[in-house]
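Asks: Here is a sequence together with a model predicted from it:
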Amino acid sequence: MGDNGPRILIIDDERAIRRFLRTILQAHQYQVFEAATGEEGLALSAQQRPDIVILDLGLPGIDGIEVTRRLREWSQVPIIILSVRERETDKIAALDAGADDYLTKPFGAGELLARLRAALRRVARPAQEPVFTLGDLSVDLTRRLVTRDEEEVQLTPTEYDLLRALVSNAGKVVTHAQLLQEVWGEGYDDAFHLLHVNISNLRRKLEPEPSRPCYLITEPGVGYRLRDEA
Amino acid sequence: MSEPISKAHTKDAKPPDRGRLTIFLGYACGVGKTRAMLDRARQQQAGGVDVMAVAVDTHGQAETVALLAALEVLQADGTDIPLDGLLARRPDLTLVDELARTNPPGARHPRRYQDVLELLDAGIDIYTTLNIQHLESLNDVIAQITGTVVRETVPDHLFDAADVVELVDISVDELLQRLAAGKVKVPAGSEDFFRRGNLTALRELALRRTAERVDEQMRAYMQSHGIVGPWPAGERLLVCVGPSPLSERLVRTARRLATRLDAEWFALYVETPAHARLSEAARDRLAHTLRLAEELGAKSMTLPGRSIADTVTDFAERKNISKIVVGQPLSRRWSALWRGSIADQLIHRSQEIDVYVISSAPPARGTGRQQARPARARWRRFLQSATLVATATIIGLPLRPFIEPTNLVMLYLVAVVIAALRLGHTPAILASLLSVIAFDLIFVPPFYTFVVADAQYLLTFGGLLGVGLLISNLAAHAREQARAAQRRELQTAVLYELSRDLAVASDLAGVAGVVVNHTEQILEGAAAVLLEEEGTLVWHSAGRGFRRSDEAYAAARWVYEHGRPAGQGTDTLADAGNLYLPLETAQDVVGVLAVTAEREIDGERRRLLDSFASQAALAIERSRLADAARRARLLQETEKLQSALLNSISHDLRTPLATITGTLTSLRDDRALLDEAAQRELLDTAYEEATRLNRLVGNLLDMTRLEAGAMRITTAPASVEDLVGVVLNRLSPYLGERAVSVSIPHDLPLVPIDFVLMAEVLANLLENALKYAPPANPVEIGAYLAGDVLCLEVADRGPGIPPDALERIFDKFYRVTAPGMPPGIGLGLSISKGIVEAHGGRIWARNREEGGAAFTVSLPLADSDTYHTEA
């Protein structure tokens, strides 16, 4: 039963969810471990060293955010958060605490599997992969060259920095705060307008249909994500 | 305004939780009241009763000190009652010495007996001591016996309401021996008081009063137990009072008489036109007398009338009065010589009724008349009246040769009439006198001397003087009446305005505001209204000049709890600057009117304020009732809505669940029977239904949050373009082949929104358009600036919205029902409206001229200018 597949730890107090996830994931050759509480989850991750952790935010006892924080003290394992729509601030808190991605319940199996693949790819990817490609788009990080349909796209330095930040986290949600911190540095915590304007410009330069973006995805109320598979 | 005495203070209506009052009555200091009280308290304590002593004066006597030492003493300086401490500590029994004492300034009540009443109200039993000379109704008798007027008196109703009165009696000889032995300390300056004659008389009074009480109790007992006794049924007594100081004595006498007869009694003041001329002091005295009567157990009332005797007789007949007590000044007015005094008139008119006439020395001269007119103005009026006479003379002089002197008198009569009408009573009398003199000097031969040649002119003089005096009297009378009418009219007008404004005030805040406004107008001061809200008294409306201090609140609380006025001009907190009136309806005290006046509140304004307070109370009650009715209606509507919601929810939740359950069971049980395509079809349907269920649950949750006010809007500047993109991506499975045109200018500013919630709104609008417009027709999304708002529009080419539904489609559970319309729960637009309004924006629908519907959301750009600039 997929003894060599990636190891996944599910931390969720809902038995039904765990059962559903286990069934799907085992069918896709993952090795699955389950924990019903944060404490149990932390113990299991130390013991089993999973490749990915799927973590529910609303846990009894220590909550998902705290689990993320403690896990990040010693591990860089990708963490995918499960949450409901109404808890945007919790999602952001978990992402800022070091979680990699999130899924809003209810979600489809296909969506979950795509996120898992993206997370595994990020882990597997060499630290500095020089060229990132997505559809007709290509970003050469060593040459600071962005092309679309083989044609060079002119970007301002800020736009380029923003794109690079997204590329290096491709497939992963990057919160507003993380982007502002990475591109503009300290003291720009509230500079949403800068972010919006530059995202909008990037879309106009890179997207086939800027009003319905397909590369540079907005995660409502949380941040942005650069798709990493077409 | 007489202070109403709470019925709780009379024996019959004593609520079961009220404390018991025991009075140790003596005829002078030194008879051993305090000792007797302490002895009894010791016994109680031995029996397990929680006893506490306050304000017990031991007079330094060793025995008393020893007795007191065995008791718990809260504060024994003998001057003040620590009321709040006692109310907090709540002993079973409290000893309060010297019931008649006056409290030091700053105490809650001016008098110690009022403290005792409050303690009794709080359910604490009281032992207290009292000397007979402090009893209110005996005040004047005591003054006659001892020659000293006792100022510290205790109302009789308190004495009568006492559960136990214990007479502490020793013989006069023994008391005098004690005095001689120095066992009793006599207050300085009162050595005269302790004469054998005085003491004997006082002892007799004390014994008699106690016996009377026993008598009353006996009768009350027999009556309450249906025992027929020898008492004359239905004696009713009336005492006529006026502003004269005699009235107070009348009231006390009437009270004694009434008690002896066991009669119900009334105190009546007849407000004649002369009332208008009373000085402020006289009015105060009158109010005091009426209040005293009420304290002594009478029903006080004031009736308007022209003639005192007529009004009194009328009243007596109506009320079946059997005895009238009336006063008779020793020196009669001249008017009484020919008309008879009021007492004479009453005796004459009342055939069946006994009239008791009580005489007294006349009041000091001048106190009854108004002294307010400035002296200079009066001299000017006298001068003017002399001028009038001079003018008459000058007009008459040229006519002297042609007209008989007796006819020229008419000129002087005109002058007198003018003087009477314009200048008042006294100047008119002066004019009459001057006229006689001038007529004699100028027109009666021989001219320019007082000598009268023809004796017939003496008659003319007499006639002129008599008519002059009569006219001046009549005219002055008319003036007074007019002035009185004017004042009454003014009051009526003020009250009318208040009631008119109260009638239009729609809610409680409005009523409170109106009351504060009007009160401030008539008082030239500041006012505030406090109302009861959920069990506590809260400031409801306060004028700008009103200081809401803690003290003011505490005073208002007291008034609210006791239903009695406090502050300036009352018995409670009299040294507080403000006046607090309870807003009292027949059932309940609904609030308190607090007033800060710049000038002292005189009787007139106080009466007006009382009227205000009662009108306000009624208006507040009315408004409360209206509120309650409104709430009841709202509740009914809410219930209707809830049942609609439940019906709708049970339908809308179960339908998708039925599909999903059906799919799952068939896949589990009949898989072999289904081919690949059928399985696919079933799963697709189940997935769609699950998605619909998710949206429905989301909507219901949003609605609940909006209704509970728990919807948290976290706005951050966002671009509309981004918003539209997110929603289009999310809805792309449903868009299919439908054309969606987006026109958003690139230079639109960012708008502060809650991105997630606003995406819901846009998704709702878009879904609506997809649902109602045929698939072939395009949907248009546009955004534009309109002044300081950003508008977002979703327009379709569907059937449009029936004009009468344009507003209602945003109501909860409202759906445009038409054949062939897709089903829905009717929450989407109502939630959208809630979200948009929480953003401070607006949402509306219109039908497009070219056909189809358009929904527009306008969002304020406020403080978003800063996000305009490029990085």
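Replies: Yes, it's here. Numbering: from 1, shown residues only, chains lettered A, B, ... in the order given.
Asks: Walking through the stretch 301-450 of chain B, point out its helices one by one.
Replies: Under the criterion DSSP state H, counting those that start in this stretch, the stretch 301-450 of chain B contains helices at B:308-318, B:334-339, B:342-349, B:375-396, B:405-423, B:425-438.
Asks: The third one - contacts with which helices or strands?
Replies: This points to helix B:342-349. helix B:308-318, strand B:323-329, helix B:334-339, strand B:354-360 (3 or more C-beta pairs under 8 Å, 6 or more residues apart in numbering or on different chains; DSSP states H and E). The way it works is simple: take the backbone N, C-alpha and C, and place the C-beta from them, glycine included.
Asks: one more time with 7 Å
Replies: Judged by 3 or more C-beta pairs under 7 Å, 6 or more residues apart in numbering or on different chains; DSSP states H and E, the packing partners of helix B:342-349 are helix B:308-318, strand B:323-329, strand B:354-360.
Asks: now for the second one, which elements pack on it?
Replies: Packing contacts for strand B:323-329, counted by 3+ C-beta pairs under 7 Å, 6+ apart, involve strand B:236-241, helix B:246-261, helix B:342-349, strand B:354-360.
Asks: By proximity to chain A, which residue of the stretch 151-300 of chain B wins?
Replies: residue B:163 (64.0 Å; C-beta to the nearest C-beta).
Asks: who in chain A is up against chain B?
Replies: By C-beta under 7 Å from any C-beta of the partner chain, the residues of chain A that approach chain B are A:85, A:88, A:106, A:158, A:192-194, A:196-198, A:200, A:211-213, A:218, A:220-221.
Asks: Now intersect those with the strands, please.
Replies: residue A:218 (DSSP state E).
Asks: nearest spatial neighbour of residue B:737, skipping sequence neighbours?
Replies: Ranked by C-beta to C-beta, 6 or more residues apart in numbering or on different chains and with sequence neighbours excluded, the top spatial neighbour of residue B:737 is residue B:775, at 7.1 Å.
Asks: Hmm, residue B:738 and that neighbour touching each other?
Replies: Yes: counting by C-beta atoms under 7 Å, residue B:738 is a contact partner of residue B:775 at 5.8 Å.
Asks: higher neighbour count, these two?
Replies: residue B:738 (17 against 10; other C-beta atoms under 10 Å in any protein chain shown).
Asks: Pull the contacting residues for the more buried one.
Replies: By C-beta atoms under 7 Å, 6 or more residues apart in numbering or on different chains, the contact set of residue B:738 is B:770, B:775, B:779.
Asks: Per-residue confidence, the residue in chain A that chain B sits nearest to, what does it come out as?
Replies: Nearest residue of chain A to chain B: residue A:193, at 3.6 Å (C-beta to the nearest C-beta). Per-residue pLDDT puts residue A:193 at 82.
Asks: Next, count neighbours for residue B:163.
Replies: 15.
Asks: burial count for the closest residue to it other than its chain neighbours?
Replies: Nearest residue to residue B:163, sequence neighbours excluded (C-beta to C-beta, 6+ apart): residue B:20, at 4.4 Å. Burial of residue B:20 is recorded as 15 neighbouring residues (other C-beta under 10 Å).
Asks: now residue A:199
Replies: The tally of other residues near residue A:199 (other C-beta under 10 Å) stands at 22.
Asks: In contact with it, which residues?
Replies: With C-beta under 7 Å, 6+ apart, residue A:199 has these contacts: A:216, A:224.
Asks: I'd like the distance between it and residue A:159.
Replies: Distance, residue A:199 to residue A:159, using C-beta to C-beta, to the nearest Å: 9 Å.
Asks: So the helix ranked longest in chain B, near chain A or not?
Replies: Longest helix of chain B, by residue count under DSSP state H: helix B:603-669. No: counting by C-beta under 7 Å from any C-beta, chain A is not contacted by helix B:603-669; separation bottoms out at 11.9 Å.
Asks: Quick one: mean pLDDT over that helix.
Replies: Summarised as a single mean, pLDDT over helix B:603-669 is 80.
Asks: cool, stretch A:162-177 as well?
Replies: 89.
Asks: so residue A:153 makes contact with residue A:205?
Replies: Yes: using C-beta under 7 Å, residue A:153 makes contact with residue A:205 at a distance of 5.2 Å.
Asks: Name the stretch among the helices and strands packed on strand B:323-329 that sits most buried.
Replies: The highest mean neighbour count among the helices and strands packed on strand B:323-329, using mean count of other C-beta atoms under 10 Å in any protein chain shown, belongs to strand B:236-241: a mean of 25.
Asks: hmm, who's touching it?
Replies: Residues outside strand B:236-241 that contact it (C-beta under 7 Å, 6+ apart): B:247, B:250-251, B:254, B:257-258, B:261, B:263-269, B:289-290, B:293, B:312, B:316, B:319-326.
Asks: now with 6 Å?
Replies: With C-beta atoms under 6 Å, 6 or more residues apart in numbering or on different chains as the test, strand B:236-241 has contacts from B:247, B:250-251, B:254, B:258, B:263-269, B:289, B:312, B:316, B:320-326.
Asks: Check those for burial and list the buried ones.
Replies: For the contacts of strand B:236-241, a burial check counting by 16 or more other C-beta atoms under 10 Å in any protein chain shown picks out B:247, B:250-251, B:254, B:258, B:263-269, B:289, B:312, B:316, B:321-326.
Asks: remind me which residues of chain A are low pLDDT?
Replies: Low-confidence segments of chain A (pLDDT under 70): A:1-3, A:85-87, A:126-129, A:230.
Asks: Next, name the residue at the spatial heart of it.
Replies: Central residue of chain A (C-alpha atoms, centre = their mean): residue A:172, 2.5 Å from the mean position.
Asks: Test my guess that it contacts residue A:102.
Replies: No: Residue A:172 lies out of contact with residue A:102 (C-beta atoms under 6 Å); the separation is 9.9 Å.
Asks: Any idea what the most far-flung residue of chain A relative to its centre is bridged to?
Replies: Residue farthest from the centre of chain A, counting by C-alpha atoms, centre = their mean, is residue A:151 at 29.0 Å. Taking DSSP bridges as the rule, residue A:151 bridges to residue A:148.
Asks: if I look at it, how far off is residue A:170?
Replies: For residue A:151, the distance to residue A:170 equals 21 Å [C-beta to C-beta].
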